[in-house]
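1. what's the 3D shape of this:
(one chain, ligands or ions: 1)
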Amino acid sequence: MVWGRYLLTAGLQCCRCRVTCHVKRHYSFLPDDVKSLRTVINPDIAKIRNIGIMAHIDAGKTTTTERMLFYSGYTRALGDVDDGDTVTDFMAQERERGITIQSAAVTFDWKNHRINLIDTPGHVDFTLEVERALRVLDGAVAVIDASAGVEAQTLTVWRQAEKHHVPCVCFLNKMDKPTANLSLSIETIRQKLKANPIILQIPVGSGRSFTGVVDLLTNQKLIWKLSSLSDDGRLFESKPLKQSDDSDLLQEVSEARAALIEQVADLDDEFAEMLLTDFSDNFDMVPPPKLQEAVRRITLSRRGVPVLCGSSLRNKGVQPLLDAITAYLPAPNERQHDVVQWYKDDLCALAFKVLHDKQRGPLVFLRIYSGALKAQTAIHNINRNSTERMSRLLVPFADQHVEVPSMSAGNIALAVGLKQTVTGDTIVSSKASAAAAARCAQDSGTVKKNGEHVNVVLSGVEVPDPVFFCTIEPPTMSKQDDLENALKCLQREDPSLKVRVDPDSGQTVLCGMGELHIEIIHDRIRREYGIETHLGPLQVAYRETILRDASATDMLDRTLGEKRHVVTVALSVRPVEPSSPGLEFTEELRAQLSQEMMAAVENGVLSSYLQGPVLGYPLQGVSTSIQSVNMEPGTSPAMVSACVSRCMLKALRLAGGQVLEPVMSLDVTVGEEYLGSVLGDLAQRRGTVREIQSRHDDKVLLAAVPLAEMMGYSTNLRTLTSGNATFSLELDTYEAMNPQDQNALLKRMAGLL
Ligand SMILES: Nc1nc2c(ncn2[C@@H]2O[C@H](COP(=O)(O)OP(=O)(O)OP(=O)(O)O)[C@@H](O)[C@H]2O)c(=O)[nH]1
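-> Alright, predicted model coming up:
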């Protein structure tokens, strides 16, 4: 049986209604024709779309993904986030909490195209997951709640997509809500995302009577006549707009289509020229495929963003969204990736995610940029300078995996057996291949020779600094090794989780991106590794800086065994902008010191930046200038480092310390009647209100609040507003604490409060 979408043209007998249809009806596939996972093969690269879905929390990413899987024939029933039975949210916590934590890669086919789709989490604690996904994707769908317009997290993710030059399509979801507003949503795309929306569809009906859309390219009306709430929306009518249709709709469509043609002509010279040459009499006669090609060029160059609308939950508008993904978003070979050219047809892949599977060990998600990956072969990891063997190769289908013998460029694959590879590593076929690529890069003359591997390694994923930390203890000392192993595995999966040992207490410390992040890690250790751990109180990752310039000198004279080590150091420290370089040597010193001694001095300075003079938090905004380093022959680099560190401590103490606290930007959307209580609560949390916006009956509160005051905020907000508020929190900046607050913190830390 052929799968894919059926088109029953006028006059054919429709298999569902058993009557002769006079309109075109579209089907995703026949009712019992569920796609077999075994049919996964390597597709033509031009037909691959590596796509991410990004959005604000609760905008409907998971629901939309589920509908895509269903309409493309990979699932038999519609998953529902509210019932906890979706395919992509497969971790136990995800099902229980109804939110997406880990990006699950999903592969499916739509109209002869292979779509590799990554469902990305909307919660700010998991921003790194989004960043990782964007690094390896070629295009993205931004799902926006049409009743809210662009919200905070969409903006954050959009900026990340811009950074990686990822072309996007917007899907205005939840058009079935009475408060859905197309023009408001479009305006927020313009205002907040600073993007150029290209409206490709006009909704038919609004709120509960939203029944479908008019496609402005073809003037076709796509209507989902759902007979009941359980109707799955596979069947929809597609018929041309007629003069007998509602006159307001006809007028709206005519104006929107004219505006679309004008806008596309403004943005695309080729289209403008064709319009003036061939259709100057009547622009409206321009053939839909020509319009589509121009919209594609505009999308790929990010001069504009196609906008579609629908309601995933009510099963309307998802099939046209899939069509738009294949029509407007780029194939892998239409994207430029930094170092890939040097590998030509040799393998070059990026590990962008690691998962731990109890049976199979680490599973590494790889984006293949060039060449092919074959099961049961050795690969070379350039970052670790190691060669390891890949036992099996899988195609990820949410929590199921289909085994394949090989995968070609443009695809996303899951490798089994790679024990050393971590997120961000570049994988090639052999050491010789990496060397050949390096030679090729150097011969081209366009790349400087700055280190053996630098030019041939794909840029990895930026990991933000964690803002929260807490101690973690196993139930008994006998479980310490198990805990260390669990944390090692979790860290390989999640580079935003940091683990360190407190030098004073010897306790293990977890550092994460937020309360929820740490809570989830704690939960996973219990569920997946069977260890009941105890978490200490959650603490804020403060930083420190200095208040003024200061200089110091120090001398170290120590005899170890037979050897005498004598070194004298003079240096000065000064406060600078956080982005300024943290260490300067005079020209004279550069000439005088060997490479080894320079590195030893640098070590001494950098290690003292890890512990500030006030409370021992890492330092930022400090620059050190080394004035002199004099040593007697035979002095070891370790002694030089030790002397520099001691001297730094003196200088930093003289310079006076200042604690910096992380300040978050907070967005709260709340019903108007609860605004007063939310504002009152914020005032008690040292919050500063920046703006209060109106959105329908809701208020959107934008504020800055110190992270230290945000512990337990979600529970508190829920109580204050009886569950009628949502919020998002994002690190904004580090700010100097005022003397009163700093004193209170010092006392608290000393156990005096
Ligand atoms: N009215 C309406 N509700 C929707 C629609 N799509 C999704 N929802 C509801 O919105 C809520 C959030 O949907 P999800 O699909 O979990 O959203 P998400 O963006 O994946 O959420 P996170 O994974 O937590 O970021 C659920 O209660 C859905 O039932 C829609 O088209 N209309």
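
2. show me where the stretch 51-200 of the chain has its strands.
-> Taking DSSP state E, counting those that start in this stretch as the test, the strands found in the stretch 51-200 of the chain are 104-110, 113-119, 139-145, 168-173, 197-199.

3. list the buried ones in the biggest strand by length in the chain?
-> If you go by DSSP state E, the chain has its longest strand at strand 657-671. The neighbour-count check on strand 657-671 (16 or more other CB atoms under 10 Å) flags 657-670 as buried. Every C-beta, even on glycine, is put in place using the N, C-alpha and C of the backbone.

4. which of the strands of the stretch 51-200 of the chain sits closest to the ligand?
-> strand 168-173 (4.8 Å; CB to the nearest ligand atom).

5. so for the closest one, what's the average pLDDT?
-> Per-region confidence: strand 168-173 scores 97 on mean pLDDT.

6. stretch 64-78 too?
-> The average pLDDT within stretch 64-78 is 78.

7. stretch 212-226 now?
-> 93.

8. and it with the ligand, contact?
-> No: using CB under 6 Å from any ligand atom, we find that stretch 212-226 stays clear of the ligand, coming within 12.1 Å at best.

9. what pLDDT does the model give the residue of the stretch 401-550 of the chain at minimum distance from the ligand?
-> Nearest residue of the stretch 401-550 of the chain to the ligand, counting by CB to the nearest ligand atom: residue 516, 11.0 Å away. Here, the pLDDT recorded for residue 516 equals 79.

10. same deal with residue 311?
-> pLDDT, residue 311: 96.

11. which stretch in the strands of the stretch 51-200 of the chain is the model least sure about?
-> With a mean of 77, strand 104-110 has the lowest mean pLDDT of the strands of the stretch 51-200 of the chain.

12. ok and it relative to strand 113-119, angle-wise?
-> Per axes from the mean of the first three to the mean of the last three CA atoms, to 10 degrees, the angle that strand 104-110 makes with strand 113-119 is 160 degrees.

13. list the helices and strands strand 104-110 packs on?
-> helix 61-71, strand 113-119, helix 318-328, strand 392-397, strand 412-416 (3 or more CB pairs under 8 Å, 6 or more residues apart in numbering; DSSP states H and E).

14. tell me how far residue 184 lies from the ligand.
-> 16 Å (CB to the nearest ligand atom, to the nearest Å).

15. kindly report the same for residue 597.
-> Distance from residue 597 to the ligand, by CB to the nearest ligand atom: 52 Å.

16. how far off centre is stretch 383-394?
-> Its chain's average C-alpha position is 25 Å from that of stretch 383-394, according to CA atoms, centre = their mean, to the nearest Å.

17. give me the contacts around it.
-> By CB atoms under 8 Å, 6 or more residues apart in numbering, the residues outside stretch 383-394 that reach it are 360, 363, 373-381, 401-407, 413-422, 424-426, 430-431, 453, 457, 460.

18. for these, which PyMOL command selects only the ones that are buried?
-> A single PyMOL command selects the buried members of these (16+ other CB under 10 Å):
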select buried, resi 363+373+375+379+380+381+401+402+404+407+413+414+415+416+417+418+421+422+424+425+426+457+460
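
19. which SSE is immediately downstream of the longest strand of the chain?
-> Using DSSP states H and E, the helix or strand that follows strand 657-671 in sequence is helix 675-684.

20. just checking, what packs against that next one?
-> strand 657-671, strand 688-695, strand 698-706, helix 713-721.

21. can you redo those as JSON lines with distance to the ligand and mean pLDDT?
-> Listed next are the helices and strands packed on helix 675-684 as JSON lines, based on distance: least, CB to the nearest ligand atom, whole Å; pLDDT from 0 to 100:
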{"stretch": "strand 657-671", "distance to the ligand": "14", "mean pLDDT": "89"}
{"stretch": "strand 688-695", "distance to the ligand": "16", "mean pLDDT": "89"}
{"stretch": "strand 698-706", "distance to the ligand": "15", "mean pLDDT": "90"}
{"stretch": "helix 713-721", "distance to the ligand": "13", "mean pLDDT": "86"}
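
22. out of those, the one nearest residue 344 is which?
-> When the helices and strands packed on helix 675-684 are compared by CB to CB, strand 657-671 sits nearest residue 344, at 45.5 Å.

23. would stretch 726-740 count as contacting the ligand?
-> No: Stretch 726-740 lies out of reach of the ligand by CB under 6 Å from any ligand atom, never closer than 10.4 Å.

24. buried residues in that stretch?
-> With the criterion 16+ other CB under 10 Å, stretch 726-740 contains buried residues 726-731, 734, 737.

25. try stretch 236-247
-> 236-238, 241.

26. now those residues as JSON lines including distance to residue 444?
-> Formatted as JSON lines, the buried residues of stretch 236-247 follow (distance: CB to CB, whole Å):
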{"residue": "236", "distance to residue 444": "52"}
{"residue": "237", "distance to residue 444": "56"}
{"residue": "238", "distance to residue 444": "51"}
{"residue": "241", "distance to residue 444": "54"}
